[in-house]
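Engineer: Quick one: sequence plus predicted model below, questions after.
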Amino acid sequence: MNRRWTRSLLLLCFLWTSVAIPAARAQEAGPVYVVQDGDTLWGISQTFGITAQALIDANGLNANALISPGMQLVIPGFPGVQGVLTTRALALGETLESAGERYGVPEEALARLNRVVSPERMYVGQEIILPISDQAPLALPESLRHAKPEGETILELAARAGQNPWVLMAKNQAAPRLWAVSREPLAVPAAGHVTSDFLSPIVGATIEPEAGVQGRTLTIALESETAGAPPAGALGDWVLNFEPLADGRFVALQGINAMADPGMYDLRLEILQPDGNDLPIRFSQPVPVRAGKFGREAFRVPEETIDPKNTGPEDAQIAALVSQITTEKMWDGVFEFPSHLVTDKFPSVFGTRRSYNGTAYDRYHTGLDFYGGTGVPIYAPARGRVVFAGPLTVRGNATYIDHGWGVFTGYFHQSEILVQPGQIVEAGEQIGMVGATGRVTGPHLHFEIWVGGVPVDPMEWLHRAFP
């Protein structure tokens, strides 16, 4: 064996030893971080709020030590915390406290690991660092298991047994959540304190997507184990309307304004207790809203169509119209295109920031425009009830259809309207003809969809089904 091969073998042995020693010590000294591509000792130390020297000392490294992906490093300063550090997104209803209870880590330690200053502001979808060990969560012997009676929540069982509900969840390997499923078997460990974070009688909840986006639709679903009153709720200033589904769920659809400020919006829920208690259970968790991607457009239009004396009253009239809630859901599945002249290009898409006659780009396009000359047919995209059909200054000859649950569609600039208020229309039925009335630069169809009193991108509804 030549000298170069000998040196290479010794180097490999040294590197293997430098990786193996911290990995072995990790089981004794504290939580373990697995080095990722691009990591540095300084960067890792900053992530966990420790010094690089403390990290070096805890792992028996020297100041010039090299680290590589897959190497395991003990993170000092977290006594009593064991396991391999991993990341996971917080679900709707999860808190830092519940995650700590589930994985056997004090909330204070989790807050330090994640550099969290305000645990109560942990938001849906937020990535948190958790120490996962082989010992957590643990199931208790069958002799300690209790069958939860129909209608009883984990909180009620815990109160009856003098237990901590989150410990019950963790010891039974239940999914992290603020609710329990009826009749699921639960292990009752040693007595502990009782928390009050559970949303009885809610047994499941989802929000899709986890983060709202300007101009998009949020779907919030709550599953209840009782046939009680629908939950009440709000997302920021938008009041949520929960409607029942046949499978026991309540669903709220809410549009996010295309010019809403990006940031955190509190999702607030209020659920009546099934025992008739007058005090509802309340819950709040931040939901992030992110910026969309929109272009810019500038137009020259008749002055009367941008005069606040005309636009203000007309906008108020339409806002009052589309804020109504009809409990009957009239649509089914994906909305159809309102025009048969469909290509992969559109004159103007939703959300585009607009300037009229040299004004600032402080308005946006509330719909999707379709090509078409005067007289081209316009079709209803889904079943619904016509709630407005007539001339407007800005929108021209316009029609609005109520599809139920706070979902409306609008059709502007028509040359002829073929329906009248109160009329029920079916998907694919002709309702009008393309024209050039109102604020236009030429004949086209402006098509829009409102959800929860907010215009949303029609492309969402033309390509996917909402509940």
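Structural biologist: Now that the structure is in, tell me what you want to look at. Remember, it's a predicted structure, so these values are computed and weren't measured experimentally.
Engineer: how about low-confidence regions in the stretch 51-200 of the chain?
Structural biologist: 134-200 (pLDDT under 70).
Engineer: Kindly recompute the last result at 80.
Structural biologist: 63, 93, 97-104, 133-200 (pLDDT under 80).
Engineer: where along it do the helices fall?
Structural biologist: Shown for the stretch 51-200 of the chain, the helices assigned by DSSP state H, counting those that start in this stretch span residues 52-58, 96-103, 107-113, 154-161, 165-171.
Engineer: buried residues in stretch 321-332?
Structural biologist: Within stretch 321-332, the residues that count as buried by 16 or more other C-beta atoms under 10 Å are 321-322, 326, 329-331. To be clear about C-beta, it is placed using only N, CA and C from the backbone, and glycine gets the same treatment.
Engineer: Make JSON lines from these and add pLDDT, secondary structure and distance to residue 90 to it.
Structural biologist: JSON lines is the format used below for these (pLDDT from 0 to 100; DSSP: H, G, I helix; E, B strand; the rest coil; distance: C-beta to C-beta, whole Å):
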{"residue": "321", "pLDDT": "97", "secondary structure": "helix", "distance to residue 90": "38"}
{"residue": "322", "pLDDT": "97", "secondary structure": "helix", "distance to residue 90": "33"}
{"residue": "326", "pLDDT": "95", "secondary structure": "coil", "distance to residue 90": "34"}
{"residue": "329", "pLDDT": "96", "secondary structure": "coil", "distance to residue 90": "31"}
{"residue": "330", "pLDDT": "97", "secondary structure": "coil", "distance to residue 90": "36"}
{"residue": "331", "pLDDT": "97", "secondary structure": "coil", "distance to residue 90": "32"}
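Engineer: Can you add distance to residue 202 and give these back as TSV?
Structural biologist: Output for the buried residues of stretch 321-332, formatted as TSV (distance: C-beta to C-beta, whole Å):
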residue	distance to residue 202
321	33
322	29
326	25
329	21
330	27
331	26
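Engineer: Those residues: which two are farthest apart?
Structural biologist: 321 and 329 (18.7 Å; C-beta to C-beta).
Engineer: Need the nearest residue in space to residue 310, chain neighbours excluded.
Structural biologist: Computed as C-beta to C-beta, 6 or more residues apart in numbering, the closest residue to residue 310 that is not its neighbour in sequence is residue 393, at 4.6 Å.
Engineer: cool, and residue 429?
Structural biologist: Excluding its sequence neighbours, the residue lying closest to residue 429 (C-beta to C-beta, 6+ apart) is residue 380, at 5.0 Å.
Engineer: phi, psi of that neighbour?
Structural biologist: phi -70, psi 130 (degrees, to the nearest 10).
Engineer: quick one: pLDDT of it?
Structural biologist: Residue 380 is assigned a pLDDT of 98 by the prediction.
Engineer: pLDDT weak spots in the stretch 251-400 of the chain?
Structural biologist: 272-281, 342-343.
Engineer: Strands of that one, start to end?
Structural biologist: For the stretch 251-400 of the chain, the strands defined by DSSP state E, counting those that start in this stretch cover 263-271, 281-290, 296-299, 353-356, 363-364, 368-370, 377-379, 384-392, 396-404.
Engineer: Compare those and report which one is nearest to residue 61.
Structural biologist: strand 281-290 (37.7 Å).
Engineer: Partner strands of the closest one and their direction?
Structural biologist: Here strand 281-290 is paired, per DSSP bridges, with strand 212-213 (parallel), strand 263-271 (antiparallel).
Engineer: would JSON lines of those strands with distance to residue 229 be doable?
Structural biologist: Listed next are the strands paired with strand 281-290 as JSON lines, based on distance: least, C-beta to C-beta, whole Å:
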{"stretch": "strand 212-213", "distance to residue 229": "26"}
{"stretch": "strand 263-271", "distance to residue 229": "9"}
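Engineer: coming back round to it: give me every residue that touches the residue nearest to residue 429.
Structural biologist: 336, 338, 401, 409, 425-431 (C-beta atoms under 8 Å, 6 or more residues apart in numbering).
Engineer: Mean neighbour count, the strands paired with strand 281-290: which tops it?
Structural biologist: Highest mean neighbour count of the strands paired with strand 281-290: strand 212-213, a mean of 22 (counted as mean count of other C-beta atoms under 10 Å).
Engineer: roughly how far out does that strand sit from the chain middle?
Structural biologist: 7 Å (C-alpha atoms, centre = their mean, to the nearest Å).
Engineer: Could you do stretch 392-411 as well?
Structural biologist: Here stretch 392-411 is found 27 Å from its chain centre; the criterion is C-alpha atoms, centre = their mean.
Engineer: mind listing what residue 323 touches?
Structural biologist: By C-beta under 8 Å, 6+ apart, the contact set of residue 323 is 406, 453.
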